[in-house]
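Chemist: Next one to model:
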Amino acid sequence: MNTKNNSSAALTLDEAGLSAARKSLSDGAITPAYGPHRDAIVKLLNDALATELVCVLRYKRHYFMASGVSSPRIAEEFLVHANEESAHADRIARRIVQLGGEPDFSPDTLLQRSHADYDASNDLQTMVRVNLIAERIAVEAYRQMIALIGDKDPTTRRLLEDVLADEEEHADELKDWLEK
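Modeler: Numbers count the residues shown, from 1 in each chain. So this is what the prediction gives:
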């Protein structure tokens, strides 16, 4: 296989990396280039997984506990967010496995590893505010993770960028509810 590019920029692929990719087939898509960063990325992802799971639990509680004049529409928004956070958790867990790690769903350490807090408030306005704070924390956490990962793992970076876009959308929706 010719890996040379004869363009004027004279780009070439790393032959040693390609050779290493031919080995350890049981690692699937994880080539030796992931080596020094894989464990740190899995840890970041497990913390993100914990955050998403705590957010699911918080949104679900708020969905069931919302009451008041505006509550049906806000409660419905809480349920939509809970389902989207659950989908984020699934994508993150799947990526952890792809990286050769184990997703940590342990309820014993969930809150310790989560960037966001759980909330048991009963006031609708407080629920919206607490969820907005949690979304803003998630936005900042994902932004920092994306910066830390940089070009070390483009697939994980793209996953986190997708999740970040959803979290920003959630924050904007909650801000709108807070202003109503």
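
Chemist: Out of the helices and strands in this protein, which is least certain?
Modeler: helix 15-21 (a mean of 68; mean pLDDT, DSSP states H and E).

Chemist: packing partners for the lengthiest helix in the chain?
Modeler: Longest helix in the chain, counting residues (DSSP state H): helix 35-65. Secondary-structure packing of helix 35-65 (3 or more CB pairs under 8 Å, 6 or more residues apart in numbering; DSSP states H and E): helix 71-98, helix 110-113, helix 124-149, helix 154-179. No exception for glycine: its C-beta is placed from N, CA and C like everyone else's.

Chemist: can those helices go into CSV with extra columns for mean pLDDT and distance to Asp39?
Modeler: Listed next are these as CSV, based on pLDDT from 0 to 100; distance: least, CB to CB, whole Å:
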stretch, mean pLDDT, distance to Asp39
helix 71-98, 96, 11
helix 110-113, 96, 15
helix 124-149, 96, 13
helix 154-179, 96, 13
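
Chemist: Can you classify Gly101 by secondary structure?
Modeler: Classification of Gly101 using DSSP: H, G, I helix; E, B strand; the rest coil returns coil.

Chemist: burial of Asp90, as a residue count?
Modeler: Asp90 has 13 neighbouring residues, counting by other CB atoms under 10 Å.

Chemist: how close does it get to Glu15?
Modeler: Note on Asp90: its distance to Glu15, by CB to CB, to the nearest Å, is 37 Å.
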